[in-house]
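In: Predicted model follows, preceded by the sequence.
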Amino acid sequence: MQKVHDIFMRASDLSKLEKDPKFRKASIPKMFWFKKPAIYPPSALLFVALLGLLYLLNIDSLITLQAIPFVVLLLLGAIWLKATKKHFQTSMFKKDGTFKLCLAQIFDEKDKNYYMVSTLSDKRHDKHFISDLGKKASIESPEITHSESGHNTENSVFIKAIKKTDILKLYPNKKIGDFIVLNYLDKQNVILVKPKYLNF
């Protein structure tokens with residue numbers, strides 16, 4: 001079986017995976033949704049419904065007419081939440097400059113973080129291009145600057161810092177100079193792609 005770190009070099013596979021609808025939906029972190037204010041109302045509705053049902057269960061009145069309003073609230077909340085998430089997914093997938101798989105190279109380590117460099121350009125799957133970026137990148141590099149969001153809008157090159165422990169949990173042997181795949185959801189959400197999705 002081919003090793004995961006070899007798979008990173010296959011640009012055609014990364015391009016195909018990037019467009020896979022199932023992968024897109026599955027790879028979005030659950031906590032990502034709770035950063036969207038529109039998620040709060042349906043979540044609150046679900047919370048109230050569950051709290052009401054638990055209360056009725058506690059007083060042995062769950063199987064009574066009193067439970068009907070809470071069951072209705074539960075169904076409405078679930079439908080509303082699902083519709084809201086689907087709307088965000090559709091909007092995010094259509095928005096230019098989001099949801100890009102980017103081959104990145106780890107070029108430095110500082111304060112228990114690994115620093116890696118990549119690009120949002122058409123060369124984001126090109127190992128040789130990313131390798132060239134890695135050679136000139138540094139945390140304080142004048143050639144490749146990075147804002148708090150980790151994104152340089154002028155040349156589409158970005159630097160991302162991720163906790164070393166988080167990387168080594170998924171990829172135990174990763175070190176400076178190695179390549180890794182990042183999923184660029186938006187400026188504030190650049191995450192690691194799990195190994196299971198790279199088993200082509």
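Out: The structure has been received and is ready for your questions. Residues are numbered from 1 along each chain as shown.
In: alpha carbons only for contacts and neighbour counts from here, please
Out: OK.
In: Could you list the low-pLDDT ranges of the protein?
Out: Low-confidence segments of the chain, defined by pLDDT under 70: 1-9, 30-34, 96-97, 139-155, 199-200.
In: Would you mark the buried spots in the top strand by length along it?
Out: In the chain, taking DSSP state E as the definition, the longest strand is strand 100-110. For strand 100-110, burial by neighbour count (16 or more other C-alpha atoms under 10 Å) applies to 100-109.
In: Is it possible to get CSV of the residues you listed that adds distance to Val193?
Out: Shown next, in CSV, are the buried residues of strand 100-110 (distance: C-alpha to C-alpha, whole Å):
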residue, distance to Val193
Lys100, 11
Leu101, 8
Cys102, 10
Leu103, 10
Ala104, 11
Gln105, 14
Ile106, 15
Phe107, 18
Asp108, 20
Glu109, 20
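In: Among those, find me the one that's closest to Lys187.
Out: Closest to Lys187 out of these is Lys100 (11.3 Å), distances taken as C-alpha to C-alpha.
In: Beta-bridge partners for the closest one, please?
Out: For Lys100, the beta-bridge partners are Tyr184 (DSSP bridges).
In: I figured it hits Asn189, correct?
Out: No - with contacts counted by C-alpha atoms under 8 Å, Lys100 stays clear of Asn189, the gap being 11.2 Å.
In: what helices or strands is the lengthiest helix in the chain leaning on?
Out: The longest helix of the chain (DSSP state H) is helix 68-94. If you count contacts as 3 or more C-alpha pairs under 8 Å, 6 or more residues apart in numbering; DSSP states H and E, helix 68-94 packs onto helix 40-58.
In: Would you mind writing the CA trace of the helix it packs on as CSV?
Out: Below are the C-alpha coordinates for helix 40-58, written out as CSV (Å, rounded to 0.1, in the frame of the first residue of the first chain):
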residue,chain,number,x,y,z
TYR,A,40,-27.9,30.1,17.2
PRO,A,41,-31.7,30.5,16.8
PRO,A,42,-32.4,26.9,15.6
SER,A,43,-29.9,25.5,18.2
ALA,A,44,-31.7,27.4,20.9
LEU,A,45,-35.0,26.0,19.7
LEU,A,46,-33.6,22.5,19.9
PHE,A,47,-32.2,23.2,23.4
VAL,A,48,-35.6,24.4,24.7
ALA,A,49,-37.4,21.4,23.2
LEU,A,50,-34.9,18.9,24.7
LEU,A,51,-35.1,20.6,28.0
GLY,A,52,-38.9,20.4,28.0
LEU,A,53,-38.9,16.8,27.1
LEU,A,54,-36.3,16.0,29.8
TYR,A,55,-38.5,17.8,32.3
LEU,A,56,-41.6,15.8,31.3
LEU,A,57,-39.6,12.6,31.5
ASN,A,58,-38.5,13.5,35.0
